[in-house]
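Enquirer: Make a model of this:
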Amino acid sequence: MVLVQNIEVEDASDAERKPVRVVVCGEVSAGKSTVLNALLRARVLPDNIGQTVRPVVTVSHRAETGVEAVDQDGEARSAELNGGTKIFHDAAEVRLWSDHAHLSGLEIVEVPLTKAEELTEEQVALIRSADVMVWVTIASQAWRLTEKTIVEQLGSARPKHAILAVTRGDKLRNDRDRTRLRERMVRETEHFFQEWVFIKGARRKLDKSAKCDKAWDETGGAEMMEAIELLAERVRREPPVEVEAEETAEAESAAVVAEPEGNAAPEASEPQAAVEEPAQAPAGARARVVDFSSYRAAATEQPAAAEKAKPTAPETAAARAAVAAETEENPGLAQMAAAMKGVMVLALRPQDAPEAIEVTFGDEDQARELGLFCSGLQANLGDTLKIMDGEGVVSAFTLSTTGRRVLFEEIPGIGLLYLMADGAVMSHGIASTFFSRVCRKLKSEG
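Expert: Predicted structure coming up:
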């Protein structure tokens with residue numbers, strides 16, 4: 001398709017200002033257009049836009065908004081951004097321009113996919129060219145075998161920065177079901193994705209989100225934007241790797257510009273060779289993991305040194321991204337907290353020394369006060385539950401207010417792990433996902 005070649009081939013002089021490319025992928029009717037509408041804060045794209053033609057849709061930022069489309073015959077037409085759905089009928093290529101500032105520096109491309117065996121060279125080349133991938137799955141059928149097959153078959157073409165978007169999250173019965181589904185998604189897909197976001201695309205909420213930040217947050221669009229920007233910051237801070245860049249450029253050129261007949265075999269073999277790579281990387285880096293047990297040893301031997309070495313939050317987004325880039329393959333808990341925007345305190349009350357406190361991130365006085373609050377709340381809730389149903393154990397709890405997110409979990413054999421995050425920066429969903437990841441890491445390494 002012409003649009004694929006147009007956005008693949010870029011002038012070398014534009015490299016300095018090249019936007020971070022985000023591809024939105026998923027099976028037919030998974031909700032890719034809903035994800036784009038949530039990011040656009042409006043119902044711009046109609047439902048089932050990809051049922052017949054399945055156009056490539058690109059979203060970019062500029063002051064002058066609008067829609068440009070090219071139909072199957074190559075005829076171009078344009079319209080206002082919210083000028084109705086007629087322009088999308090029989091379109092082969094669509095480009096949307098929005099003036100929302102949060103889209104600045106990004107190029108978001110919806111890639112139409114069907115089955116693993118129907119992946120085309122153009123689709124694979126476009127996905128390979130991306131910096132971030134958003135895979136869209138439906139909450140009621142989340143992460144089916146057919147989806148996993150497509151993602152695995154992409155192999156080395158799959159961007160290393162990826163988000164799993166779960167659409168129709170508002171169709172689930174309650175927050176408990178959403179929490180359970182999130183935990184399953186993280187458990188089953190963490191070797192593919194770094195972020196997990198629920199999208200709730202009810203028309204009423206999407207319509208309100210244009211002018212209401214609360215409504216936008218309720219759609220999941222704000223959380224999705226936070227996740228994209230977090231990964232985009234990492235991309236922007238990544239140093240160029242000359243050899244890999246040359247190989248990638250050659251592969252993209254072969255897949256998109258050159259004749260397909262001469263490159264079919266390498267394109268097919270390359271993903272297969274790379275399928276095992278994600279599983280191998282962490283093993284070699286395990287020795288560098290920093291966990292609470294190592295903090296306990298350091299605190300016993302050199303308390304003064306441990307006090308001085310306590311990490312504090314990087315002052316800028318660029319600094320956070322730099323920390324994330326350096327420790328991305330197998331980060332320690334302190335590095336994870338430093339790289340996650342909004343984390344204020346991450347600490348532990350050890351099971352074998354409940355009066356002690358181990359601060360891996362944040363201010364020690366604040367961490368100590370928060371630890372007393374969490375342990376007290378855990379005890380009080382346990383007493384209340386014991387009166388109600390005879391069970392007096394509270395193993396985990398989450399508290400969200402306008403300004404703060406507080407989460408704690410009792411980890412058997414280790415202690416009470418707790419987190420406090422800035423509610424203005426970190427949504428409830430992002431805080432829960434991050435804390436789940438920290439808990440799993442502590443369990444596996446402790």
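Enquirer: Which of the three states applies to the residue lying farthest from the centre of the chain?
Expert: No residue in the chain sits farther from the centre than residue 387, which is 40.8 Å out by CA atoms, centre = their mean. Classification of residue 387 using DSSP: H, G, I helix; E, B strand; the rest coil returns helix.
Enquirer: Against residue 430, how distant is it?
Expert: 34 Å (CB to CB, to the nearest Å). Every residue, glycine included, has its C-beta placed from N, CA and C.
Enquirer: Over to residue 442?
Expert: 19 Å.
Enquirer: which of the two has more neighbours?
Expert: residue 430 (24 against 20; other CB atoms under 10 Å).
Enquirer: residues touching that one, list them.
Expert: By CB atoms under 8 Å, 6 or more residues apart in numbering, the residues touching residue 430 are 195, 197, 223, 226, 227, 342.
Enquirer: and residue 180, how many residues sit next to it?
Expert: With other CB under 10 Å as criterion, residue 180 counts 11.
Enquirer: Next, report how far the helix or strand hosting it is displaced from the centre of its chain.
Expert: Counting by DSSP states H and E, the secondary-structure element that holds residue 180 is helix 175-189. Centroid displacement of helix 175-189 relative to its chain, using CA atoms, centre = their mean, to the nearest Å, is 14 Å.
Enquirer: what about it, average pLDDT?
Expert: Helix 175-189 comes out with an average pLDDT of 90.
Enquirer: For it, which helices and strands make contact with it?
Expert: Secondary-structure packing of helix 175-189 (3 or more CB pairs under 8 Å, 6 or more residues apart in numbering; DSSP states H and E): strand 161-167, strand 195-198, helix 428-445.
Enquirer: Tell me what angle the last one forms with helix 175-189.
Expert: In this case it means helix 428-445. Interaxial angle of helix 428-445 relative to helix 175-189 (axes from the mean of the first three to the mean of the last three CA atoms, to 10 degrees): 50 degrees.
Enquirer: Can you point out the buried residues in helix 428-445?
Expert: Residues 428-439, 441-442, 445 are the ones in helix 428-445 that count as buried (16 or more other CB atoms under 10 Å).
Enquirer: Pull the contacting residues for the closest residue to residue 425 other than its chain neighbours.
Expert: In space, residue 425 comes closest to residue 342 once its chain neighbours are excluded; the distance is 3.5 Å by CB to CB, 6 or more residues apart in numbering. Listed by CB under 8 Å, 6+ apart, the contact partners of residue 342 are 405, 421, 422, 425, 426, 430, 431.
Enquirer: Nearest to residue 204 among those?
Expert: residue 430 (24.0 Å; CB to CB).
Enquirer: Residue 77 versus that closest one, what's the distance?
Expert: Counting by CB to CB - residue 430 and residue 77 are separated by 39 Å.
Enquirer: swap in residue 66?
Expert: 11 Å.
Enquirer: Between the two, which has more neighbouring residues?
Expert: Using other CB under 10 Å as the criterion, residue 66 and residue 77 rank with residue 66 on top: 16 against 12.
Enquirer: Strands along this protein, start to end?
Expert: Using DSSP state E, the strands of the chain run over 20-26, 56-61, 66-71, 76-79, 91-98, 106-110, 132-138, 161-167, 195-198, 343-350, 358-361, 396-400, 404-411, 415-422.
Enquirer: Format these as a markdown table; extra columns: mean pLDDT and distance to residue 367.
Expert: Shown next, in a markdown table, are the strands of the chain (pLDDT from 0 to 100; distance: least, CB to CB, whole Å):
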| stretch | mean pLDDT | distance to residue 367 |
| --- | --- | --- |
| strand 20-26 | 96 | 34 |
| strand 56-61 | 93 | 40 |
| strand 66-71 | 91 | 50 |
| strand 76-79 | 90 | 54 |
| strand 91-98 | 91 | 41 |
| strand 106-110 | 96 | 36 |
| strand 132-138 | 97 | 33 |
| strand 161-167 | 96 | 30 |
| strand 195-198 | 93 | 26 |
| strand 343-350 | 94 | 4 |
| strand 358-361 | 92 | 4 |
| strand 396-400 | 87 | 16 |
| strand 404-411 | 92 | 12 |
| strand 415-422 | 93 | 8 |
